[in-house]
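Peer 1: Next comes the sequence, and after it the predicted model I'd like to discuss.
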Amino acid sequence: MLKEAVISPTPRHCLTTRLWHWINALCLLVLLMSGLTIFNAHPRLYWGEYGANNDPAWLAVGSSERTGYLRLGEMRIETTGFLGNWKDSEGRTRTWAFPGWATIPSNYSLADGRRWHFFFAWIFALGLTLFMIRSLWNRHIQKDLRMREQEWRPSHIWHSLRDHTRISAIRKSSGEPYNVIQKLTYIGVIFILLPLMIATGLTMSPAMDANWPFLTDLFGGRQSARSVHFLTAFLLVVFFLIHIVMVLLSRPVRQIRAMITGGHARESGQ
Amino acid sequence: MTILTRRKLITSAAIGAGGLLTGCDALNRSPAFQDVLASAETANFTVQRALGDRMELASEYRVADLSPVFRANGTRDPGTPAYAASAAQGFADWRLRLTGLFVRPQIFSLAALQSLPQRTQITRHDCVEGWSAIGQWTGVPLKILLDIAQLQPSARFLVFHCADRLGGRPYYESIDLLEGFHPQTILAHQLNGEPLPVANGAPLRLRVERQLGYKQAKYVTGVQAVASLAGIGEGKGGYWQDVANYEWYAGI
């Protein structure tokens, strides 16, 4: 006990961060997959307050004959096998937008998808709130995420961005203290994208429209909020994929172990 | 070491993803887990009711905001001989019956309902599927009917009985008294200034503007005041609640 305390006075990730990281990862995965079930109920997105089958959709997933397609504005992309027309695990052709392997539950059930979504939405929202409060309190945000003045220099940002495209540079990086790209990414995810998911989700609720009509005004209508909800979820998927790639390229065992056990702060030269 | 572990990590991630799906489906089939998931309904209901003044109005819009086409969903025509006969004579024989825990149960004809004070509102209809349509509804506020028929003290819910059947079962829905007395809760007989089309629930449909589309019962023939939803249908308070896992509270 004493020995460990001497070797590792501060863990690399504190308990709150580790707990929240994994709870949040689970929540986001379930929210994404149950969200795709909900999207399958009406795979069309609109801008403005209203939008239904007779109104122009800026994004639509559909099926015609034996092909599935994604329509983005005027552009039509064949997506047979992946979107709109695909085979389930028993080889039957299905015409729901997102395939069963991407949804919870894997069959189409809007009612069940909603149950999963709202249950995990509560855990996600409460978890995010507690994490934010705790991370202000223990100064994780001020210490680790605050941008230093020199980090705002475009040349500095550009160099850091370029380092993220070089495997050798990623391998060398210990991942801490956070570099400018990490800081901007984590700030963007924690303080912009995740709260945006909650706000746009609430905007779609008719009861919240009565309680907090400013939400609908903020996003320019319920269907706009639904579109932003979907686009923000897409950005979170992009973040998730890059995050995983970065971890896998930069000593994954050490990284993942640190996010589980806490690891050692300022560990280097292994 | 690192490379081997990396490969192992990727493999276990793939197995994990497959296992997660199977696991989720197994959990989805478990009644105990479904109960856990459904607890979010209580949280949604309690928090959404607590956040506003309880009689807060849903947004109302201008004529310019109307959807060009108001989409119809669910039953588009009850299709029974009795309904067709009633429609043929302009629903002159349609009756709305207020039954159950009322001090003075009532029977209203359409003409009688139309002679009462009316409310016109342009509101947004939000389907549980995700789409929205804006329409102008005219009808009699439910509060006026409740004031005429007088609820007995034990009444807690209002059940709306409908003339249409889905999958062989009669459609019905229910709301609590707070929604029942809400100023925007009306029994509408007009959509966009015209008599309600058959596809949208002619001659009478419920509008509960702070909840989703499946609450907006169409082809309404009766309002039953009850102390509990247990004796109605399968006891979950509505058609969709009985046949699938839709929540009784449809505020989100």
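Peer 2: The structure has been received and is ready for your questions.
Peer 1: and A:Lys172, how many neighbours does it have?
Peer 2: Counted with other CB atoms under 10 Å in any protein chain shown, the neighbours of A:Lys172 add up to 11. Where C-beta positions appear, they are placed from N, C-alpha and C, glycine not excepted.
Peer 1: Let me see the contact set for it.
Peer 2: Residues near A:Lys172 by CB atoms under 8 Å, 6 or more residues apart in numbering or on different chains: none.
Peer 1: all strands of the stretch 151-252 of chain B, in order?
Peer 2: Remark: strands assigned in the stretch 151-252 of chain B by DSSP state E, counting those that start in this stretch are B:157-166, B:169-176, B:186-191, B:194-195, B:205-207, B:220-226.
Peer 1: looking at these, which is closest to chain A?
Peer 2: strand B:205-207 (11.5 Å; CB to the nearest CB).
Peer 1: outside of the closest one, which residues touch it?
Peer 2: B:121, B:123, B:137, B:139, B:142, B:160, B:173, B:184-188, B:196, B:215-220.
Peer 1: Just give the number of residues close to B:Cys230.
Peer 2: You called it Cys, but residue B:230 is Ala. Around B:Ala230 there are 11 other residues, counting by other CB under 10 Å.
Peer 1: Doesn't A:Gly81 belong to a helix?
Peer 2: No: counting by DSSP: H, G, I helix; E, B strand; the rest coil, A:Gly81 is not part of a helix but coil.
Peer 1: Contacts only, for it.
Peer 2: For A:Gly81, the contact set (CB under 8 Å, 6+ apart) comprises A:Gly68, A:Lys87.
Peer 1: Give me the phi and psi angles of it.
Peer 2: With angles defined as degrees, to the nearest 10, A:Gly81 sits at phi 90, psi -20.
Peer 1: Tell me how far the residue of chain B found nearest chain A lies from B:Gly79.
Peer 2: In chain B, the residue that lies nearest chain A is B:Gly251 (3.1 Å; CB to the nearest CB). Distance, B:Gly251 to B:Gly79, using CB to CB, to the nearest Å: 31 Å.
Peer 1: what's the closest non-adjacent residue to whichever residue of the stretch 101-250 of chain A sits closest to chain B?
Peer 2: Here the stretch 101-250 of chain A gets closest to chain B at one residue, A:Ala207, 3.1 Å apart by CB to the nearest CB. Closest residue in space to A:Ala207, ignoring its immediate chain neighbours: B:Gly251 at 3.1 Å, by CB to CB, 6 or more residues apart in numbering or on different chains.
Peer 1: distance of that neighbour from B:Gly100?
Peer 2: B:Gly251 sits 24 Å away from B:Gly100, going by CB to CB.
Peer 1: between these two, which one's more packed in?
Peer 2: Neighbour count, other CB under 10 Å: between B:Gly251 and B:Gly100, B:Gly251 has more, with 23 against 20.
Peer 1: didn't the more buried one look like it was pressed against B:Arg210?
Peer 2: Yes: counting by CB atoms under 8 Å, B:Arg210 is a contact partner of B:Gly251 at 6.0 Å.
Peer 1: Overlap of the contact sets of these two?
Peer 2: Overlap of the contact sets of B:Gly251 and B:Arg210 (by CB under 8 Å, 6+ apart) consists of A:Pro206, A:Ala207.
Peer 1: Include mean pLDDT and mean neighbour count when you put the strands of the stretch 151-252 of chain B into CSV, please.
Peer 2: Converted to CSV, these look like this (pLDDT from 0 to 100; neighbours: other CB atoms under 10 Å in any protein chain shown):
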stretch, mean pLDDT, mean neighbour count
strand B:157-166, 97, 21
strand B:169-176, 98, 21
strand B:186-191, 98, 23
strand B:194-195, 98, 12
strand B:205-207, 98, 24
strand B:220-226, 98, 22
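Peer 1: Output the lowest mean pLDDT helix or strand found in chain B.
Peer 2: When each helix and strand of chain B is scored by mean pLDDT, DSSP states H and E, helix B:2-29 comes last, with a mean of 69.
Peer 1: tell me the angle the helix or strand following it makes with strand B:169-176.
Peer 2: Once helix B:2-29 ends, the next helix or strand along the chain (criterion: DSSP states H and E) is helix B:31-51. Angle, helix B:31-51 to strand B:169-176, by axes from the mean of the first three to the mean of the last three CA atoms, to 10 degrees: 40 degrees.
Peer 1: Can you name the next helix or strand after helix B:31-51?
Peer 2: helix B:81-88.
Peer 1: neighbouring contacts of that next one?
Peer 2: Surrounding helix B:81-88, the residues in contact under the criterion CB under 8 Å, 6+ apart are B:Asp77, B:Ala92, B:Asp93, B:Trp94, B:Ala163, B:Asp164, B:Val198, B:Ala202, B:Tyr219.
Peer 1: in that helix, what's buried?
Peer 2: Buried residues in helix B:81-88, counted by 16 or more other CB atoms under 10 Å in any protein chain shown: B:Tyr83, B:Ser86.
Peer 1: and it, what's its mean pLDDT?
Peer 2: Mean pLDDT, helix B:81-88: 97.
Peer 1: what angle sits between it and strand B:157-166?
Peer 2: Using the same axes, to 10 degrees: helix B:81-88 against strand B:157-166 is 100 degrees.
Peer 1: Distance from the chain centre to helix B:81-88, please.
Peer 2: Offset of helix B:81-88 from its chain centre (CA atoms, centre = their mean, to the nearest Å): 24 Å.
Peer 1: Put the alpha carbons of that helix into CSV.
Peer 2: Taking C-alpha atoms only, helix B:81-88 is exported to CSV below (Å, rounded to 0.1, in the frame of the first residue of the first chain):
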residue,chain,number,x,y,z
PRO,B,81,-70.7,-1.3,-42.3
ALA,B,82,-71.9,0.7,-39.3
TYR,B,83,-69.1,3.3,-39.8
ALA,B,84,-69.7,3.5,-43.5
ALA,B,85,-73.4,4.0,-43.0
SER,B,86,-72.8,6.7,-40.4
ALA,B,87,-70.3,8.4,-42.8
ALA,B,88,-72.8,8.3,-45.6
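Peer 1: C-terminal to it, what's the next element?
Peer 2: Per DSSP H and E, the first helix or strand lying C-terminal to helix B:81-88 is strand B:95-100.
Peer 1: Who are the packing partners of the helix or strand following that next one?
Peer 2: Of the helices and strands lying after strand B:95-100 in sequence (DSSP H and E), the nearest is strand B:106-109. The contact analysis (3 or more CB pairs under 8 Å, 6 or more residues apart in numbering or on different chains; DSSP states H and E) places strand B:106-109 against strand B:95-100, helix B:142-149.
Peer 1: which strands and helices sit next to the longest one?
Peer 2: So the one you mean is helix B:142-149. Using 3+ CB pairs under 8 Å, 6+ apart, helix B:142-149 sits against strand B:106-109, helix B:177-180, strand B:186-191, strand B:220-226.
Peer 1: Which among the ones you listed is found nearest to A:Gly220?
Peer 2: Set against A:Gly220 and scored by CB to CB, those come closest in strand B:186-191, at 25.4 Å.
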